[in-house]
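Engineer: structure for this input, please:
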Amino acid sequence: MSAVSHHPPVAEFIDWLETPAGNYIKRWEQQKISRLVSNVFGFRAIQIGLPSWNLLEANRIPYRGHSYSWPQDPQKPAVNVYAEPEYLPFESQSIDLLILPHVLEGSNSPHQVLREAERVLMPEGRVVISGFNPWSLWGLHDRIPGLDPICPTPAHMQVSLARLKDWFKLLSFELDRGNFGCYAPPCLSDAWLSRWSFLEAAGDRWWPVCGAVYVVSAVKRVARVRLVDPGWKRGAQRFPAGALHTPRKRPATNTNAQGKSAASNAQKTKG
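Structural biologist: Residues are numbered from 1 along each chain as shown. Presented below is the predicted three-dimensional model:
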């Protein structure tokens, strides 16, 4: 597959991860995703996007690869596959684990990305998705006119968890586990982020849906259909001909006529 053209928004996101706010988000997501994927087994695991950020390091699946939408700096680690997330170059039902870090919010067709994930995953395969929460303090900050946005993706492109759950229902995904996190107000320095660190425990307890980001895990469920063997038609031939006999129905008789006939026979006998 030929490499596609450079994608500036993705490059900006990679640069943003090196800022204090980006490192704050990155540390939390790395911890949560590592816990979700550490006990996922199979043969193939793929991370879509952000190859310089290895989210599969805690997983023990033999083949772990990356799919990326544009060639990166040759000095950085090589990428396995160049492809757009809306059109993955993998066979149907060939992947056991798929990780989508902030992929949906960076796509113009996030629902198509999720459909592709459902197509390439094996039955009982797992997808792990991370994204910005548009209803957090960070999302509200980006919606206020005149303020510089703090998130690398616009608030109107961020996919809420409620919307993601609706898409799961339309496809064959069953939500397994999930977490909100990063409750500090939008800050651009490590010093201020550290001052607000006490909100992590309080936010997780009192207002969990207000976290700046979320990580969810979903499993692909496929209904099993049992095919009936054509041999069931031959079951009736086990009984020999005539083994099943249906008795004939006796004709109805007129009790009044029988009574008159018996009386006339009695008179003839007396005579």
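Engineer: where in the stretch 151-271 of the chain is pLDDT low?
Structural biologist: Confidence mapping of the stretch 151-271 of the chain against pLDDT under 70 gives the ranges 224-271.
Engineer: mind listing the strands for the stretch 51-200 of the chain?
Structural biologist: Using DSSP state E, counting those that start in this stretch, the strands of the stretch 51-200 of the chain run over 63-68, 81-82, 95-101, 121-132, 173-181.
Engineer: quick one, which of those strands gets closest to Arg143.
Structural biologist: Proximity to Arg143 (C-beta to C-beta) singles out strand 121-132 among those, at 12.3 Å. Bear in mind the C-beta positions are built from the backbone N, C-alpha and C, glycine included.
Engineer: export that closest one to PDB, keeping only CA atoms.
Structural biologist: Extracted in PDB, the C-alpha atoms of strand 121-132 (Å, rounded to 0.1, in the frame of the first residue of the first chain):
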ATOM      1  CA  LEU A 121     -11.800  -7.700  14.800                       C
ATOM      2  CA  MET A 122     -12.200 -11.400  15.500                       C
ATOM      3  CA  PRO A 123     -15.400 -12.500  17.300                       C
ATOM      4  CA  GLU A 124     -14.800 -11.700  21.000                       C
ATOM      5  CA  GLY A 125     -12.000  -9.400  19.900                       C
ATOM      6  CA  ARG A 126     -11.400  -6.200  21.900                       C
ATOM      7  CA  VAL A 127     -11.200  -2.500  20.900                       C
ATOM      8  CA  VAL A 128      -9.800   0.100  23.300                       C
ATOM      9  CA  ILE A 129     -10.600   3.800  22.600                       C
ATOM     10  CA  SER A 130      -9.400   7.000  24.200                       C
ATOM     11  CA  GLY A 131     -10.700  10.500  23.500                       C
ATOM     12  CA  PHE A 132     -11.300  13.900  24.900                       C
END
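Engineer: quick one, it and strand 173-181 angle?
Structural biologist: If you take axes from the mean of the first three to the mean of the last three C-alpha atoms, to 10 degrees, strand 121-132 sits at 30 degrees to strand 173-181.
Engineer: pLDDT averaged over strand 121-132 - what is it?
Structural biologist: Mean pLDDT, computed over strand 121-132, is 96.
Engineer: tell me which of the strands of the stretch 51-200 of the chain sits most buried.
Structural biologist: The highest average neighbour count among those, using mean count of other C-beta atoms under 10 Å, belongs to strand 95-101 at a mean of 25.
Engineer: what is that one packed up against?
Structural biologist: Applying 3 or more C-beta pairs under 8 Å, 6 or more residues apart in numbering; DSSP states H and E, we find strand 95-101 packed against helix 20-37, strand 44-48, helix 110-120, strand 121-132.
Engineer: give the buried residues for stretch 179-190.
Structural biologist: In terms of neighbour count (16 or more other C-beta atoms under 10 Å), stretch 179-190 has its buried residues at 179-184, 186-187.
Engineer: for those, which one is nearest Lys165?
Structural biologist: For the buried residues of stretch 179-190, the residue nearest Lys165 by C-beta to C-beta is Phe180; the value is 13.5 Å.
Engineer: thought that closest one was touching Pro208?
Structural biologist: Yes - using C-beta atoms under 8 Å, Phe180 is in contact with Pro208, at 4.9 Å.
Engineer: for Asp148, which of the strands of the stretch 51-200 of the chain is the nearest?
Structural biologist: With C-beta to C-beta as the criterion, Asp148 lies closest to strand 121-132 of those, at 15.9 Å.
Engineer: that closest one: how far from the chain's middle?
Structural biologist: With C-alpha atoms, centre = their mean, to the nearest Å as the basis, strand 121-132 stands 5 Å off its chain's centre.
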